[in-house]
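please find the sequence and the predicted model below.
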Amino acid sequence: NAGVTQTPKFQVLKTGQSMTLQCAQDMNHEYMSWYRQDPGMGLRLIHYSVGAGITDQGEVPNGYNVSRSTTEDFPLRLLSAAPSQTSVYFCASSLLFQGDTQYFGPGTRLTVL
Amino acid sequence: GQQVMQIPQYQHVQEGEDFTTYCNSSTTLSNIQWYKQRPGGHPVFLIQLVKSGEVKKQKRLTFQFGEAKKNSSLHITATQTTDVGTYFCAGGFQKLVFGTGTRLLVSP
């Protein structure tokens, strides 16, 4: 099992550009989540999904869109990148509920100039 | 909304010294999880505590959940260089809230 995979590992964007961060899991977990990690602020929940076709907002959803068409994939879209979105983004999956043990992907380090 | 704070934010110890990080929530938690993140890596689950006053041990690591289920601690006995990283607590059922983390540096 690959677990949770994320692409790309690194990305540099210019302000106003859009992009999609990819996330996939092969553990058949119903719950998937996106977090951003900033120095001194821990991990903050952006969006999460409780199953295919169902998504909900986390603590910091503005500027991000998600969709969940399959159990395996949960992409995160930045609609119009801003320097405040410079961060490390982690995708995670969990089995029983959103607050269950999180299995994290390796992360995407995003810089917005 | 729920807030989870950790102290200290950073600690530098000599190998062999003990280390403790404290986690405090603004609300009562149904459970508390602890994660470790190595430099440049991703968070990895260590343990979950559910019961009030619960204490669990993993080798040199001791985890405790407070009686009121609003605080928790992680204690490492005789640190090693392999303990370097950031330790996060996290709590919540519907939406997991992570603490701010404690970064541990261990000098040989």
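Okay, I see it. Residues are numbered from 1 along each chain as shown, chains lettered A, B, ... in the order given.

residue A:109 reaches residue A:86, doesn't it?
No: using Cβ atoms under 8 Å, residue A:109 is not in contact with residue A:86, being 9.0 Å away. In short, each C-beta sits where N, CA and C put it, glycine included.

show me where the chain has its strands.
This is for chain A. With DSSP state E as the criterion, chain A has strands at A:4-7, A:10-13, A:19-25, A:31-37, A:43-51, A:54-57, A:64-66, A:76-78, A:87-94, A:103-104, A:108-112.

not quite, I wanted chain B
Under DSSP E, chain B gives strands at B:4-7, B:10-14, B:19-25, B:32-37, B:44-49, B:55-58, B:61-65, B:71-76, B:85-91, B:97-98, B:102-107.

distance from the shortest one to the middle of the chain?
Okay, so that is strand B:97-98. A distance of 12 Å separates the centroid of the chain from that of strand B:97-98, by Cα atoms, centre = their mean, to the nearest Å.

equivalent analysis for the fourth one, please.
Strand B:32-37 sits 6 Å away from the centroid of its parent chain (Cα atoms, centre = their mean).

again with the second one
On the basis of Cα atoms, centre = their mean, strand B:10-14 is displaced by 15 Å from the centre of the chain it belongs to.

which parts of chain B sit against chain A?
Contact residues (Cβ under 8 Å from any Cβ of the partner chain) of chain B with chain A: B:1, B:4, B:6, B:9, B:30-31, B:33, B:35, B:41-45, B:48, B:88, B:90-101.

what's the ChimeraX syntax to select whichever of the residues you listed are buried?
Per 16 or more other Cβ atoms under 10 Å in any protein chain shown, the buried members of the residues of chain B next to chain A correspond to this ChimeraX selection:
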select /B:4,6,31,33,35,42,43,45,48,88,90,91,92,95,96,97,98,99,100,101
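
got the residues of chain A near chain B?
A:33, A:35, A:40-45, A:48, A:58-59, A:90, A:97-99, A:101-107.

same thing but 6 Å
Within chain A, the positions near chain B by Cβ under 6 Å from any Cβ of the partner chain are A:42-43, A:45, A:90, A:98-99, A:101, A:104, A:106-107.

once you drop chain neighbours, what's closest to residue 3?
Defaulting to chain A. Residue nearest to residue A:3 in three dimensions, not counting chain neighbours: residue A:103, with 6.1 Å by Cβ to Cβ, 6 or more residues apart in numbering or on different chains.

right idea, wrong chain: chain B
In space, residue B:3 is closest to residue B:26, 4.5 Å off (Cβ to Cβ, 6+ apart).

what's the neighbour count on the one you found?
12 (other Cβ atoms under 10 Å in any protein chain shown).
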